[in-house]
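S.K.: coords below, sequence missing:
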Ligand code: NZQ
Ligand code: ZN
């Protein structure tokens with residue numbers, strides 16, 4: 001553990017079947033005016049909406065709704081939520097959905113009382129939030145982003161998709177994690193979420209060269225994820241598999257496994273820029289570019305990539321180089337088994353977008369190989 005760090009994560013988790021039973025006691029701690037935030041309607045089809053509203057009515061809360069929060073939520077939509085939160089003097093924001101809904105809720109929480117244009121101040125310029133913020137609670141229905149236990153809020157505006165990490169006040173007060181809520185996810189979303197989890201772990205694991213406990217934790221999470229994902233694609237209602245995936249997602253991005261070491265996040269930079277230009281599903285923007293990305297990094301970190309092959313995929317070849325390459329090959333086979341998108345063309349990327357995407361991706365000086373527009377362009381071509 002070479003780097004100094006602080007660790008703080010106050011989000012209370014309620015995990016398991018019928019975890020929703022804890023919602024009432026949590027909401028009793030907050031005022032009457034609740035902003036209920038959700039997406040395009042999946043929660044009405046699977047009954048979660050009705051379940052939540054029944055609890056809110058028992059508590060005699062005033063319910064104000066923001067529905068139609070889209071995947072990759074936009075700043076325009078965010079402003080609508082801020083206006084309603086202000087007009088109705090909202091006391092608490094309840095987000096019911098996946099990462100998009102939760103990120104949106106955190107955005108509304110921070111931006112409602114912002115003086116000035118919140119996009120410029122809080123997303124483009126990452127200014128400190130100098131206004132009061134609203135408390136947020138979450139009921140998770142889609143697994144992948146880790147938004148349920150972190151302070152991230154990814155918002156899209158035109159061709160910019162920016163992930164703001166807000167301050168400690170923005171941790172959700174609580175999150176309800178019932179794996180059964182994820183059973184109705186279409187397979188496309190389920191596997192996109194699974195790869196998002198893998199990518200979050202790799203952003204923290206494939207960086208640095210130290211013997212860090214964080215890396216051993218990351219290996220355990222990846223082994224569980226690989227094992228459970230293969231069960232879940234065969235049998236989507238396998239509770240053990242779906243619950244392991246849910247728990248892994250939360251720990252993959254709640255500050256734990258990045259502690260005390262450098263982090264990469266360049267793979268996400270590429271994925272999110274593609275997302276800004278195409279509005280494609282987040283996890284698929286990562287899967288389509290991952291292999292090309294990691295192949296550019298591997299020559300600069302043979303030891304760590306060989307460790308990945310050995311400790312995660314149980315592969316050892318004659319030389320470290322061969323072992324390292326075989327690890328990525330094993331990951332490729334696993335990705336194909338899941339049915340992930342492996343080509344950016346399938347996500348709606350067109351040839352005339354390539355240069356703008358390559359120029360927009362930012363680099364990280366602590367990565368094994370910091371990106372340049374030329375390197376990104378090669379990755380995009382390799383991922384075509
Ligand atoms: O909108 P509805 O009708 O609810 O449908 C959603 C949506 O179409 C559907 N869905 C969710 N739960 C369901 C369900 N369908 C059936 N049954 C259920 N139980 O799934 C679709 C995708 O939902 P979304 O919330 O967009 O997915 P995800 O959780 O992957 O979130 C993606 C967003 O999170 C950001 C991404 O960039 C993207 O904007 N991220 C947030 C991060 C963070 N806060 O730390 C980190 C991540 O790297 C990521 O960038
Ligand atoms: Zn992600």
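M.R.: Cool, the structure landed. From a predicted model like this one, the values you see are computed outputs, not experimental measurements. Ligands and ions are numbered 1, 2, ... in the order given.
S.K.: helices of the stretch 1-150 of the chain, start to end?
M.R.: Per DSSP state H, counting those that start in this stretch, the stretch 1-150 of the chain carries helices over the ranges 23-27, 42-45, 48-58, 75-87, 99-111, 118.
S.K.: strands of this protein, start to end?
M.R.: Using DSSP state E, the strands assigned to the chain run over residues 12-15, 33-38, 62-66, 92-97, 136-140, 152-157, 160-165, 174-177.
S.K.: could I get the helices of the stretch 1-150 of the chain as JSON lines with distance to residue 253?
M.R.: For the C-beta atoms, the positions are set from N, CA and C on the backbone; glycine is no exception. Output for the helices of the stretch 1-150 of the chain, formatted as JSON lines (distance: least, C-beta to C-beta, whole Å):
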{"stretch": "helix 23-27", "distance to residue 253": "22"}
{"stretch": "helix 42-45", "distance to residue 253": "22"}
{"stretch": "helix 48-58", "distance to residue 253": "23"}
{"stretch": "helix 75-87", "distance to residue 253": "21"}
{"stretch": "helix 99-111", "distance to residue 253": "10"}
{"stretch": "helix 118", "distance to residue 253": "23"}
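S.K.: domains in this structure, by residue range?
M.R.: The chain resolves into domains spanning 12-181, 187-382 when parsed by automatic domain parsing.
S.K.: how far away from the center of its chain is the last one?
M.R.: When you say that, I think you mean domain 187-382. Averaging C-alpha positions (C-alpha atoms, centre = their mean, to the nearest Å) puts domain 187-382 12 Å from its chain's average.
S.K.: close to ligand 1, is that domain?
M.R.: Yes - in terms of C-beta under 6 Å from any ligand atom, part of domain 187-382 sits within range of ligand 1, namely 189, 193, 196, 253, 268, 272, 282-283.
S.K.: ok, now how distant is residue 216 from residue 257?
M.R.: Going from residue 216 to residue 257 by C-beta to C-beta, to the nearest Å gives 9 Å.
S.K.: contact partners of stretch 102-114?
M.R.: Stretch 102-114 is contacted by residues 35, 37, 66, 69, 73, 77-79, 81-82, 85-86, 90, 93-95, 118, 121-122, 129, 131-136, 138, 140, 145, 147-148, 151-155, 164, 166, 170, 172 when judged by C-beta atoms under 8 Å, 6 or more residues apart in numbering.
S.K.: next one: stretch 362-379
M.R.: Applying C-beta under 8 Å, 6+ apart, the set of residues contacting stretch 362-379 is 206-207, 262-266, 269-270, 289, 292-293, 296-297, 299-301, 304, 354-355, 357-359, 361.
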